[in-house]
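Q: Structure here, sequence nowhere to be found:
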């Protein structure tokens, strides 16, 4: 079993590609941030589609929903 571990570790000892390794976390972070911005925008737009009864259920007035729904996605 130890020989298999040694062989397996030996195969993985190739030099990593530094450009790809350092770029991926930054790209993932940027993509996650963009997704969060779009999620925020979708939820704000959904407020505009709620009925007065639904807004009352969540404790938001029509004016508050309108104001929030019209905000920019980056805010």
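A: Happy to help now that I have it. Keep in mind that this is a model prediction, so the values were computed, not measured.
Q: State the next helix or strand along the chain beyond the one helix or strand in the chain whose mean pLDDT sits lowest.
A: None of the helices or strands of the chain scores lower by mean pLDDT, DSSP states H and E than helix 2-11, at a mean of 51. Using DSSP states H and E, the helix or strand that directly follows helix 2-11 along the chain is helix 18-49.
Q: Just the buried residues of that following helix, please?
A: Neighbour-count burial for helix 18-49 flags 41, 44, 47 (criterion: 16 or more other Cβ atoms under 10 Å). From N, CA and C alone the C-beta is placed, and that goes for glycine too.
Q: Please tabulate the residues you listed in a markdown table, including the columns distance to residue 27 and pLDDT.
A: Below are the buried residues of helix 18-49 laid out as a markdown table (distance: Cβ to Cβ, whole Å; pLDDT from 0 to 100):
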| residue | distance to residue 27 | pLDDT |
| --- | --- | --- |
| 41 | 21 | 93 |
| 44 | 26 | 93 |
| 47 | 31 | 93 |
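Q: Go through those and name the one nearest residue 71.
A: For the buried residues of helix 18-49, the minimum distance to residue 71 (Cβ to Cβ) is 6.1 Å, reached by residue 44.
Q: isn't that closest one right up against residue 67?
A: No. Residue 44 lies out of contact with residue 67 (Cβ atoms under 8 Å); the separation is 9.9 Å.
Q: Show me the shaky parts of the protein.
A: Counting by pLDDT under 70, the chain has low-confidence residues at 1-23.
Q: Cool, thanks, talk later.
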